[in-house]
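# sequence plus the predicted model coming up.
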Amino acid sequence: MTQRANPLLWRQLLQRSARGNLSLQGQIREMLVSAILDGLIDPGSAVPSGRDMAEHLGVARNTVVLAYRQLTDEGYLLSRQRSGHFVNADFVAGLRAGGRHAGATPTPEPTDWQARLRLHPSRQRSIHKPADWQQFPYPFLYGQFDASLFPTANWRECCLKALSVLDIRDWAPDHINRDDATLVQQIRTRVLPRRGVWAGADEIVVTVGAQHALYLVADLLVSQDTTVALEDPGYPDARNIFAARTPRLLPLAVDGDGLPLDPRLREVDYLYVTPSHQCPTGVTMPLRRREELLRLADQQDLILIEDDFESENRFGGEPIPALKSLDRNHRVIYIGSLSKSWAPGLRLGYIVAPAPIVQEIRALRRLMLRHPSAFIQRAFALFLSLGHHDSQLRRIALAQQQRSQATLRALARHAPQCRVTPVVGGGSCWLRLPDGIDTTELTRRAAEQGVLLEAGDVFFYDQPAPGSFLRLGWQSIPDKSIEPGIALLGAIIEELQRGR
């Protein structure tokens, strides 16, 4: 803080120091002491002159002068003739080294924020990825950015086009609860048809990623009395989102075809499901099971929340249509991502649902953040319309297929004692380790050797997990690093087995 600090800031500081048992002069002294000790005024810097401070605070000049004089006597300030008052740097350094000055006003008891919290999201079990993961030589992580596959030139082109005068006039105003019409049109005509889904513009809403979409749906539809069924193992943050709204969660064990038709589904209101690539096992629900699930939904008045987070990343053959594409009675709320597989930091997703639901989701979204960045929406609409998105998906699918094959070959060679769940696409595989392997210890030892792994425990509803599992991702690891990384993993597993 300098001599030219905003007068409003000084008045706010004075209000914080207001005490019924302190004179105005005493409040000014306490204000300055707090500002000095809290580091708001740098040691050695000047404080406003008595006249300026009096004007800032709306008090008599003599009141400020007397406060400055007492602070000078106590050592907080130094008075320099014809220059003004300055914070005594040596005195402040001594205070900070030796603790609070004896004459300082005692601070009040801190607010007990923990007692005020309705819930504690930080205590939920969630996937953890180190912030510096790119510094590790073998990052077997799912859902991360790969600089070698980012379409820098194409994305830059679209961003520059979105900065044209006419485009700026479209996206710069506050859209309130609307989305970019060109992006919605591109989702309708270019993205959804590939999944066999057809929707009107009033049935689509853009979100800040697929997880934001799920949060909105849960906020709108789930209450304390709602029963929600989930896959087990399943997506941890879906579990956390629903658990924050209802205690009535029903985990259903998945098999080699994803979520089975469990008789208990007759007792639930909503089912969250990832049929295209089940999270985290990667298996795909066959067409027949999807049709049976929809028939059950019709019979039992069940609503399905389909998270199609990785629908585009398939290695071969014709993709199975989305659950939503088979829905004839509006039983499916469909959640998709536009950027997860190549630029998760863009945070673009969408929801497809009946128009009355979308209308309410838009109103709810307005309360949270009004709308996702209109500039990003326009740039991505251009990215879609120019064909860059289609070519990017093909490029990613080829790279992921090559990396998946390299990973599976390396596992067969260096970790044959592990069982891999077969997958036909996606950016990861589900690995079952030999019984008794402590995945916490495994991931710790692996990280010490530069190998980042995702322990499977967090994906299970109950703890401890029924066995030892890893989700092994290949989205962000270079091809040349896969085999040496898997070799290290295999050696650590053998070491842990010998230790048992």
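Received, thanks.

# distance of the residue positioned nearest the centre of the chain relative to Pro344?
In the chain, the C-alpha nearest the mean C-alpha coordinate belongs to Gln211, at 7.6 Å (Cα atoms, centre = their mean). Distance from Gln211 to Pro344, counting by Cβ to Cβ, to the nearest Å: 10 Å. Bear in mind the C-beta positions are built from the backbone N, C-alpha and C, glycine included.

# returning to what we had before: and the residue lying closest to the residue nearest to the centre of the chain once chain neighbours are set aside, what element?
Distances taken as Cβ to Cβ, 6 or more residues apart in numbering put Asp237 closest to Gln211, at 6.0 Å, once the chain neighbours are dropped. Element membership for Asp237, per DSSP states H and E: helix 236-243.

# which strands and helices sit next to that helix?
Counting contacts by 3 or more Cβ pairs under 8 Å, 6 or more residues apart in numbering; DSSP states H and E, helix 236-243 packs against helix 210-221, strand 228-232, strand 249-253.

# and for the nearest residue to Pro484 once chain neighbours are set aside, the neighbour number?
Distances taken as Cβ to Cβ, 6+ apart place Tyr138 nearest to Pro484, at 7.1 Å, with adjacent residues excluded. Using other Cβ atoms under 10 Å, Tyr138 is surrounded by 23 other residues.

# mind listing what Tyr138 touches?
Going by Cβ atoms under 8 Å, 6 or more residues apart in numbering, Tyr138 touches 450-452, 477, 481, 484-485, 488.

# run through the bridge partners of it.
Taking DSSP bridges as the rule, Tyr138 bridges to Val451.

# give me the distance between it and Val451.
Distance, Tyr138 to Val451, by Cβ to Cβ: 4 Å.

# give me the common contacts of these two.
Taking Cβ under 8 Å, 6+ apart as the contact rule, Tyr138 and Val451 both touch 485, 488.

# could you identify which of the helices and strands packed on helix 236-243 is most buried?
Most buried of the helices and strands packed on helix 236-243, by mean neighbour count (mean count of other Cβ atoms under 10 Å): strand 228-232, with a mean of 23.

# filter the contacts of Tyr138 to the buried ones?
Buried subset of these (neighbour count, 16 or more other Cβ atoms under 10 Å): 451-452, 477, 481, 485, 488.

# quick one: which of these is nearest Leu367?
Proximity of the buried ones among the contacts of Tyr138 to Leu367 (Cβ to Cβ) peaks at Leu452, which lies at 37.5 Å.

# just give the nearest non-adjacent residue to the closest one, would you?
In space, Leu452 is closest to Pro139, 4.5 Å off (Cβ to Cβ, 6+ apart).

# which residues sit in contact with the one you found?
By Cβ under 8 Å, 6+ apart, Pro139 lies in contact with 133, 452, 476-477.

# just flag the most distant two among the residues you listed.
Checking those with Cβ to Cβ, the most distant pair is Trp133 and Ile477, at 10.3 Å.

# what sits in contact with each of these two?
Residues touching both Trp133 and Ile477 (Cβ under 8 Å, 6+ apart): 139, 141.

# so where's this structure shaky on pLDDT?
1-6, 17-21, 95-107, 311-319, 500 (pLDDT under 70).

# that older thread, and the buried ones among the contacts of Tyr138 as TSV, adding distance to Pro247?
Below are the buried ones among the contacts of Tyr138 laid out as TSV (distance: Cβ to Cβ, whole Å):
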residue	distance to Pro247
Val451	38
Leu452	34
Ile477	39
Ser481	44
Gly485	41
Leu488	42
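
# please enumerate the strands of the stretch 201-350 of the chain.
Secondary structure of the stretch 201-350 of the chain (DSSP state E, counting those that start in this stretch): strands located at 204-207, 228-232, 249-253, 270-273, 303-307, 332-337, 349-352.

# can you redo those strands as TSV with distance to Pro422?
TSV is the format used below for these (distance: least, Cβ to Cβ, whole Å):
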stretch	distance to Pro422
strand 204-207	32
strand 228-232	18
strand 249-253	18
strand 270-273	20
strand 303-307	21
strand 332-337	24
strand 349-352	28
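
# thanks a lot, catch you later.
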